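[1] Give me the fold of what follows.
(chains A, B, C and D)
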Number of protein chains: 2
Amino acid sequence: MAFMIAQRAYLKLFLIGMVEKRKGYGYEMLEELKEQFRPFGYVPPQSEIYRALHELVQEGILYRTKRLKGNDPSIDFQEIVLYHFTEDGVTKADLYKKQVKIDLDRCLGMLNKAVHDHY
Amino acid sequence: MAFMIAQRAYLKLFLIGMVEKRKGYGYEMLEELKEQFRPFGYVPPQSEIYRALHELVQEGILYRTKRLKGNDPSIDFQEIVLYHFTEDGVTKADLYKKQVKIDLDRCLGMLNKAVHDHY
DNA sequence: GCATGAACACTTTGTTCATTA
DNA sequence: TAATGAACAAAGTGTTCATGC
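    Residues are numbered from 1 along each chain as shown, chains lettered A, B, ... in the order given. A predicted model of the protein is given here:
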């Protein structure tokens, strides 16, 4: 058993949550997460977001579609990658979330123990 | 800012606590910590304990003395390394603990956010 | 500058090995 | 087996680079 939850697993949880709410593509999710974690001084690195998304695809939880960002191709050529749940993605995601929850609780226990024992 | 608190920093906190209570040497502290963390399924690796102790020495918080473990050298040759606070070790340790506390709280915040947001 | 991805480097950690007198 | 330490290997992460629009 590893010491603490991995950054990757933690981010996957939030990315799954964002796909649930139809928040679409990597860069956008990155910016949103930067904002969410600002109070904690944690800046999720770009590479980790993409790695996490790729893993979720590999695991068959998400699949990708590509779109042009804007409506008018003459002014916006930017291609973006949107993420959606696969057929059994929601089920798989729920299972994953259950596993992560167990680890989160374990980590909370260990951190709380440190606080209680030493402060 | 790193994502989570490092294992090393976490263990140092507990090792400092043990030296405060005059729990003496590495192997013993390792076994004690294994016991303490058993409920969490976390088994602190031997190498991390020694590395953490060595760092605390390097940082001038602890110093080492060597002793034979038993009282009768004819039956117990085992040499052990005992750890004690240096002159300003307690002050330095307190400072270190303050820094770790800030990080522990930050990590607790992040884990609690995950739980509140996704469960 | 937005968006995606890969390469590379670095740090931390885990495992194994060596030594004891 | 208890005790310490180091060497080595692997994993995870952070930074930088490459690409296209």
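
[2] Only C-alpha atoms from now on, for both contacts and neighbour counts.
    Noted.

[3] Do I have it right that A:K97 meets A:L13?
    Yes. When contacts are counted by CA atoms under 8 Å, A:K97 is listed as touching A:L13 (6.7 Å).

[4] doesn't A:L82 fall inside a helix?
    No. Counting by DSSP: H, G, I helix; E, B strand; the rest coil, A:L82 is not part of a helix but strand.

[5] ok, it - contacts?
    Contacts for A:L82 (CA atoms under 8 Å, 6 or more residues apart in numbering or on different chains) come out as A:G24, A:Y25, A:G26, A:R64, A:T65, A:K66, A:R67.

[6] now, which of the residues you listed sits nearest B:G41?
    A:G26 (34.4 Å; CA to CA).

[7] Which residue, other than its chain neighbours, is closest to that closest one?
    With sequence-adjacent residues excluded and distances taken as CA to CA, 6 or more residues apart in numbering or on different chains, A:G26 is closest to A:Y50, at 6.6 Å.

[8] list the buried ones in the host helix or strand of the one you found?
    When secondary structure is defined using DSSP states H and E, the element that contains A:Y50 is helix A:46-58. The neighbour-count criterion (16 or more other CA atoms under 10 Å in any protein chain shown) identifies A:I49, A:Y50, A:A52, A:L53, A:L56, A:V57 as the buried residues of helix A:46-58.

[9] pLDDT below threshold where in chain A?
    Residues of chain A meeting the criterion pLDDT under 70: A:70-76.

[10] Show me what from it comes close to DNA strand D.
    With CA under 7 Å from any atom of the strand as the criterion, chain A comes near DNA strand D at residues A:A6, A:Q7, A:R8, A:P44, A:P45, A:Q46, A:S47, A:E48, A:D76, A:F77, A:Q78, A:E79.

[11] Just the buried ones from those residues?
    Among the residues of chain A next to DNA strand D, those classed as buried by 16+ other CA under 10 Å are A:R8, A:P44.

[12] I'd like the residues of chain A next to DNA strand D as a markdown table, with distance to chain B appended.
    A markdown table is the format used below for the residues of chain A next to DNA strand D (distance: CA to the nearest CA, whole Å):
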| residue | distance to chain B |
| --- | --- |
| A:A6 | 8 |
| A:Q7 | 6 |
| A:R8 | 10 |
| A:P44 | 8 |
| A:P45 | 10 |
| A:Q46 | 13 |
| A:S47 | 14 |
| A:E48 | 11 |
| A:D76 | 34 |
| A:F77 | 35 |
| A:Q78 | 31 |
| A:E79 | 30 |
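
[13] can you put the residues of chain A next to DNA strand D in CSV and add distance to A:F85?
    As requested, these are arranged in CSV below (distance: CA to CA, whole Å):
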residue, distance to A:F85
A:A6, 23
A:Q7, 22
A:R8, 19
A:P44, 23
A:P45, 24
A:Q46, 22
A:S47, 22
A:E48, 20
A:D76, 27
A:F77, 26
A:Q78, 23
A:E79, 20
